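Colleague: Generate coordinates for the sequence data below:
(chains A and B)
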There are 2 protein chains.
Amino acid sequence: MLNPCDTAFVDRLAGELPDGTLSAPEPRHLEEPRGRWPGQAGVLARPRSTEEVARIVRACGEARVGVVPYSGGTGLVGGQIMPSDGPAPLLLSLERMSALRGVWPEENALVVEAGMILAEVQAEAAKVGRLFPLSLASEGSCRIGGNLAANAGGTAVLRYGNARDLCLGLEAVLPDGTVFNGLTRLRKDNAGYDLRHLLIGSEGTLGVITAASLKLFPQPAARVVALLSVPSPTAALELLALSSTRAAGMVSGFELIHRMGFDFLAESGFDLRAPFDPVPEWLVLLELELPAGLEPEVTMATVYEAGAEAGLVTDGVIATSQAQADAIWALRETIPLANRKVGAVSSHDISLPLSAIPGFIAEAPRAIADLGAFRVNCFGHLGDGNLHWNVFPERGHAKAEHEGVRDEVKRVVHDMVHALGGSVAAEHGVGRLKVADLARYGDPGKLAAMRAIKAALDPVGIMNPGAVLG
Amino acid sequence: MLNPCDTAFVDRLAGELPDGTLSAPEPRHLEEPRGRWPGQAGVLARPRSTEEVARIVRACGEARVGVVPYSGGTGLVGGQIMPSDGPAPLLLSLERMSALRGVWPEENALVVEAGMILAEVQAEAAKVGRLFPLSLASEGSCRIGGNLAANAGGTAVLRYGNARDLCLGLEAVLPDGTVFNGLTRLRKDNAGYDLRHLLIGSEGTLGVITAASLKLFPQPAARVVALLSVPSPTAALELLALSSTRAAGMVSGFELIHRMGFDFLAESGFDLRAPFDPVPEWLVLLELELPAGLEPEVTMATVYEAGAEAGLVTDGVIATSQAQADAIWALRETIPLANRKVGAVSSHDISLPLSAIPGFIAEAPRAIADLGAFRVNCFGHLGDGNLHWNVFPERGHAKAEHEGVRDEVKRVVHDMVHALGGSVAAEHGVGRLKVADLARYGDPGKLAAMRAIKAALDPVGIMNPGAVLG
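Modeller: Presented below is the predicted three-dimensional model:
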């Protein structure tokens, strides 16, 4: 059992650290974006160096005090929040470790500390004429250490991969306070087990990422965006295949948007409208990144026309300026904000094998129909098989009316996803929200191996207690 | 301590398996390509199903008998060979598990059993109009399970990544005989630790890969190859940066070749000549993969001319037919065969941060000059920072004359690579050859974590004993 992070421990630890490293947590450190849990912490530690992180983790291990790593606080599954039903942990924020350690444009590599805000990582890359492609709605406040701990996804996965695919190396403090020095800039290194990939996606339960070596890319010569009306999700998938062939290596965004998203934008007072009247039931946002030598609008028009000829596109607009492209992306990116204003009964961050998606979209609303009268807003990164399939009350009703069936809605949807070979924790991770889901749907062989690894690296169980494995 | 795989154990195990599963190993199973070690095995097991693999591993665990997984036998670091200084293991070949379990062209995914030969995986992808890009010299005999266990590299890493980057999911038998069912076809799945990436590159020491879900890609509309003369390794690196910008997302091969490679081709009787007279000291093989809409030779000519203008290319040929392209690749791919005929004193599979490469190429020959009169053949995947930097006797001398300094040559080269932030096990892995290197150069924090993970998943130590961690 763990001990609480009490004043005696805090006083002792304070003596080992520079003044001002420890303080009372601010309210923002104990909240999470959906207001699901209030958090608790005995103290907030904001170290300035990897060595200080190591000292803190070691002290917590000796005193059997839990450590909750806190990055940008934008996680949606409660990985950064310790609810009040256990001993108070130490909350470890990396916000003071946000330095650029080095940039090597000729190597397409950059090394940053874990506390750097994602948008700043992107900006550092842009300064040397390079692209760091990880991009998600919270990029202005999330931090790269948290992005890696959670293996963040976002809108550029189709072309550039998830956060783990953008990482060349890591520095991390392991649960016993040992520093893992793995900040390599190598593209090929088969010297032993890949600790980097084990730590990425482990959500702070196997150690604290303190710095990362990241991959950069050349800036594309041009980008072009279109918003296309498609007759069905099946047509959208066929259009994905068609565009991936016609514009091989260039498809950088392929987002599916249901009309409900536009209803929600209007309903929640956002002044954003689809450039179609009436709004078609299904839209696809298609983005291409082009190398030099190809004309953006011509290339997009080729895909558009091929899609139209095949009956996969019935209408559409191609942005002819950056402002138009931004406006199209703004539609997609504001939908999650509208969702929050409408208030979901249940949100599902799911992924499916691509070929299972049309069937899921058709069947899932029927599967929950017995549980109440709902509206479904289905949108997301179709190119990655990742849907945000969210369930809302009907207009004029409140989500509170469905509180009693929320768990059952979730269960029905997740059971269906699992049966189709999908994941119920696609890009947001497990955190504390989906511990029971992981236990229910996870492969028993994998779960046993995970528990063995956790026990081996963190026998006392101090690292982010209660997250992932519960 | 482990027990030998003796006749009593073999007889008992035979009773649990279908007839013909166990047999005496053939000589080919106890050899490795460089003839460095003779292998030993108490028996050869060739199971036909994952369930049989699990039964074998479980029986070995109970009897404390070592299991050496044997794939295509092409590994260059002895991972597939148990030398005769310990108890004889069971040799586990997956050659009878080579089925295609399924292919989903619309998902760009395919599931194969671990024993499928790499060239057959490529062929299965081609049958449905897709590309499986993993490509290496031994693709006609290596098997995909071994490629993944060793995280193979090859010539397409620059564009498509290493073997691990091409894998969506795995099925594997863990050391306790548990089956890890992870054959997902998902592009995003953050449900727990990434066991897939832990098993990939662990060289059979944490389990036996039995099947894999693999990523496919659209076939590029066209490929174009050029052989370019460059004034220096520094110029080659600048040309890499230039071509990665001018032909963003299209550079699929960037191989550095030293003139010594051509000397060796002639010396060992291969009828292959460079299309230059005299042969320049440094050549770059540049390959681009193009989407539809770009003219291959025009695109390559653009890069060539920009390189020439910048003083980075002094001469060159652009292949104008598939036959010419094949001939250029044949030069590069035959050099390793010539090397084997000449006979290396010491071969080094190293990777370096790109910016450290010119300094290494300049300094390393001086560093070993005191140890003897050598010729160096330096070639490899410059785009990945991965060089094959191999040391040979002078013409008319035999490698045996340098036997006494081989270890010192290796040590000097590896020390230099390590000091420059490189890896001494870039794409061939650790196997048994580089156990001491890993112990010497590996980060202590990483090594301790590796040992903890190994002990947790394989407490008896039956899986590929002696490999990687020794």
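Colleague: what's the nearest residue to A:A274 if we skip its chain neighbours?
Modeller: Leaving aside its sequence neighbours, A:A274 sits nearest to A:F262 (Cβ to Cβ, 6 or more residues apart in numbering or on different chains; 4.9 Å). Just so you know, the C-beta spots here come from the backbone N, C-alpha and C atoms, and that holds for glycine as well.
Colleague: pretty sure the one you found contacts A:P275?
Modeller: No. Checked against Cβ atoms under 8 Å, the pair A:F262 and A:P275 is beyond contact range at 10.5 Å.
Colleague: Surely the residue nearest to A:A274 is within a helix?
Modeller: Yes. Checked against DSSP: H, G, I helix; E, B strand; the rest coil, A:F262 lies within a helix.
Colleague: Roughly how far does it sit from B:L94?
Modeller: 52 Å (Cβ to Cβ, to the nearest Å).
Colleague: for A:P296, same thing?
Modeller: If you go by Cβ to Cβ, the gap between A:P296 and B:L94 works out to 48 Å.
Colleague: So the two - more neighbours on which side?
Modeller: B:L94 (28 against 20; other Cβ atoms under 10 Å in any protein chain shown).
Colleague: Just give the closest residue to that one, not the sequence neighbours.
Modeller: Spatial nearest neighbour of B:L94, chain neighbours left out: B:G115 (3.8 Å); criterion: Cβ to Cβ, 6+ apart.
Colleague: so the one you found, which of the three states?
Modeller: On the basis of three-state DSSP, B:G115 is classed as coil.
Colleague: Might one say that it is in contact with B:S98?
Modeller: Yes. B:G115 lies in contact with B:S98 (Cβ under 8 Å); the separation is 3.9 Å.
Colleague: Contact residues of the stretch 351-470 of chain A facing chain B?
Modeller: For the stretch 351-470 of chain A, the residues in contact with chain B (Cβ under 8 Å from any Cβ of the partner chain) are A:351-355, A:381, A:383-386, A:421-430, A:434, A:437-438, A:441-450, A:452-453, A:455-457, A:468-469.
Colleague: Pull out the buried members of the residues you listed.
Modeller: Among those, those classed as buried by 16 or more other Cβ atoms under 10 Å in any protein chain shown are A:351-355, A:381, A:383-386, A:421-430, A:434, A:437-438, A:441-443, A:445-450, A:452-453, A:456-457, A:468-469.
Colleague: Out of those, which sit inside helices?
Modeller: A:437-438, A:441, A:445-450, A:452-453, A:456-457 (DSSP state H).
Colleague: Reformat these as a markdown table; add distance to A:R28 and pLDDT.
Modeller: Formatted as a markdown table, those follow (distance: Cβ to Cβ, whole Å; pLDDT from 0 to 100):
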| residue | distance to A:R28 | pLDDT |
| --- | --- | --- |
| A:D437 | 28 | 97 |
| A:L438 | 28 | 97 |
| A:Y441 | 33 | 98 |
| A:G445 | 40 | 98 |
| A:K446 | 35 | 98 |
| A:L447 | 34 | 98 |
| A:A448 | 38 | 98 |
| A:A449 | 36 | 98 |
| A:M450 | 31 | 98 |
| A:A452 | 36 | 98 |
| A:I453 | 32 | 98 |
| A:A456 | 35 | 98 |
| A:L457 | 30 | 98 |
